[in-house]
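Visitor: Give me the fold of what follows.
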Amino acid sequence: MPEELTHIDKTGAARMVDISDKPVTSRTAVASGFISMQPATVEAIVDGKVPKGDVLAVARVAGIMAAKRTSDLIPMCHPLAVTHASVELEPSLGARPGIAIRATVATDGKTGVEMEALTAATVAGLTLYDMCKAIDKGMELSDVKVIAKSGGTKGISFGTIESINVSEGKGVRKTPVESATLVAGSGLSADAHAGDWHRQVSLLAAESIDKMVALGLDVTAGDFAENITTSGIDLVSLPVGTVLRAGDDAVMEVSQIGKECHTRCAIYYQAGDCVMPKEGIFATVRTGGVIRPGDRIWVESTPTPAPEAEATP
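Guide: Predicted coordinates for the structure are as follows:
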């Protein structure tokens, strides 16, 4: 048997992985999912008109309970002391009516909580189905996946590309596209900001945009002129020189954190504020490749700090 199959012993029998010698570290995982449904079902949930009661509240509690009982459901999962579990449910009446699910689980332990986050998202989705099946039998739970993780000895943090945005001009809102090509030494093809300079690609976290939405601004991905909208990665904390991988092949290197805006651009006047100068980052493209919304993006390496100079006696 391949050595990497740690759930299988030398005889081919299933086993629980021995984590006795692993160190205790803080670990977090985030999983997402989506349950599609009829627009009328979404409206009934939001308006509190589903006969079984408060659908969103019950689904949240179900997801949190599931995170704590994952080892009872999945045979080879280790029982973990969950230190945090939350489930966010976001109704949508857009092109794809339904409810977006996002589960976050944390622990201080010897193994990660990806399965706990996946279980929380799945059970929350199944609870939504159960609560609403009497009024909508065509609901579909899909897209359950880990979108971010951190901690452990490897310390790898995975995020997700939420949107890819391009424009023909500078200083204007960008339009989301289904896929795009990162070109080495240039940036995103068909985008006005591509070129032989240090700000070939701009990135902004969806969490930063959410803060603007919470303030009452009607903004979304691309409105702040970012090329790549991410979730699950604290972009502003990444030092210049950090290497990011995205999708199957693309590699970027962080070249600048934030920027100074000397004049108010169209984005400011249209959005009412601009978070990009404070929380956006910029990168150059080391290796090209096709990227799509839903692709993973993660930190491959961070620069080694220069040694401090010894004090002269």
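Visitor: CA only for contacts and neighbour counts going forward, please
Guide: Will do.
Visitor: biggest helix in the protein by residues?
Guide: Looking only at the chain and at elements set by DSSP state H, the helix with the highest residue count is helix 114-132.
Visitor: what does that one rub up against?
Guide: 28-35, 41, 50, 52-53, 55-56, 58-68, 70, 77, 87, 101-105, 139, 141, 144-146, 149 (CA atoms under 8 Å, 6 or more residues apart in numbering).
Visitor: switch the cut-off to 7 Å
Guide: Residues from elsewhere that reach helix 114-132 (CA atoms under 7 Å, 6 or more residues apart in numbering): 29-33, 35, 50, 52, 55, 59-60, 62-64, 66-67, 70, 101-105, 139, 141, 144-146.
Visitor: between whichever helix or strand comes after it and helix 114-132, how many degrees?
Guide: Beyond helix 114-132 in the direction of the C-terminus, DSSP states H and E gives the next helix or strand as strand 140-151. Compare the direction of strand 140-151 with that of helix 114-132 by axes from the mean of the first three to the mean of the last three CA atoms, to 10 degrees and you get 150 degrees.
Visitor: relative orientation of whichever helix or strand comes after strand 140-151 and strand 140-151 in degrees?
Guide: Once the chain leaves strand 140-151, the next helix or strand it forms, by DSSP H and E, is strand 158-166. Between the direction of strand 158-166 and that of strand 140-151, the angle (the same axes, to 10 degrees) works out to 110 degrees.
Visitor: chain center to strand 158-166: distance?
Guide: Taking the mean of its C-alpha atoms, strand 158-166 sits 8 Å from the chain's own mean (CA atoms, centre = their mean, to the nearest Å).
Visitor: which secondary structure elements does the helix or strand following that strand contact?
Guide: Past strand 158-166, heading to the C-terminal end, the next element that is a helix or strand (DSSP H and E) is strand 175-177. Other elements packing on strand 175-177 under the criterion 3 or more CA pairs under 7 Å, 6 or more residues apart in numbering; DSSP states H and E are strand 158-166.
Visitor: Partner strands of the strand it packs on and their direction?
Guide: Partner strands for strand 158-166, per DSSP bridges, with pairing direction: strand 175-177 (antiparallel), strand 228-231 (antiparallel), strand 296-301 (antiparallel).
Visitor: buried residues in it?
Guide: Using 16 or more other CA atoms under 10 Å as the test for burial, strand 158-166 gives F158, G159, T160, I161, E162, S163, I164, N165, V166.
Visitor: of these, closest to G222?
Guide: Of all the buried residues of strand 158-166, the one sitting nearest G222 is N165; the distance, using CA to CA, is 5.5 Å.
Visitor: wait, isn't that closest one in contact with D223?
Guide: No: taking CA atoms under 7 Å as the definition, N165 is not a contact partner of D223, at 9.1 Å.
Visitor: shared neighbours of these two, anything?
Guide: Common contact partners of N165 and D223 (CA under 7 Å, 6+ apart): K174.
Visitor: picking that back up, any chance of the buried residues of strand 158-166 in TSV with distance to V113 and pLDDT as columns?
Guide: Converted to TSV, those look like this (distance: CA to CA, whole Å; pLDDT from 0 to 100):
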residue	distance to V113	pLDDT
F158	13	74
G159	15	85
T160	18	90
I161	21	95
E162	22	95
S163	26	96
I164	29	97
N165	32	96
V166	35	96
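Visitor: and the residues you listed as CSV, adding distance to S92?
Guide: Converted to CSV, the buried residues of strand 158-166 look like this (distance: CA to CA, whole Å):
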residue, distance to S92
F158, 25
G159, 22
T160, 19
I161, 19
E162, 16
S163, 17
I164, 20
N165, 21
V166, 24
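Visitor: Of all pairs in those, which one spans the longest distance?
Guide: Across the buried residues of strand 158-166, the two members that end up farthest from each other (CA to CA) are F158 and V166, 23.6 Å apart.
Visitor: hmm, back to that, mean neighbour count, the strands paired with strand 158-166: which tops it?
Guide: Each of the strands paired with strand 158-166 was given a mean neighbour count from mean count of other CA atoms under 10 Å, and the largest, a mean of 24, is that of strand 228-231.
Visitor: Tell me the pLDDT of G152.
Guide: We note a pLDDT of 66 for G152 in this prediction.
Visitor: Okay, now the unreliable bits of the protein?
Guide: 1-10, 12, 152-157, 261-273, 304-313 (pLDDT under 70).
Visitor: One more pass at 50, please.
Guide: Low-confidence segments of the chain, defined by pLDDT under 50: 1-3, 308-313.
Visitor: Before I go, just wanted to say thanks for your time.
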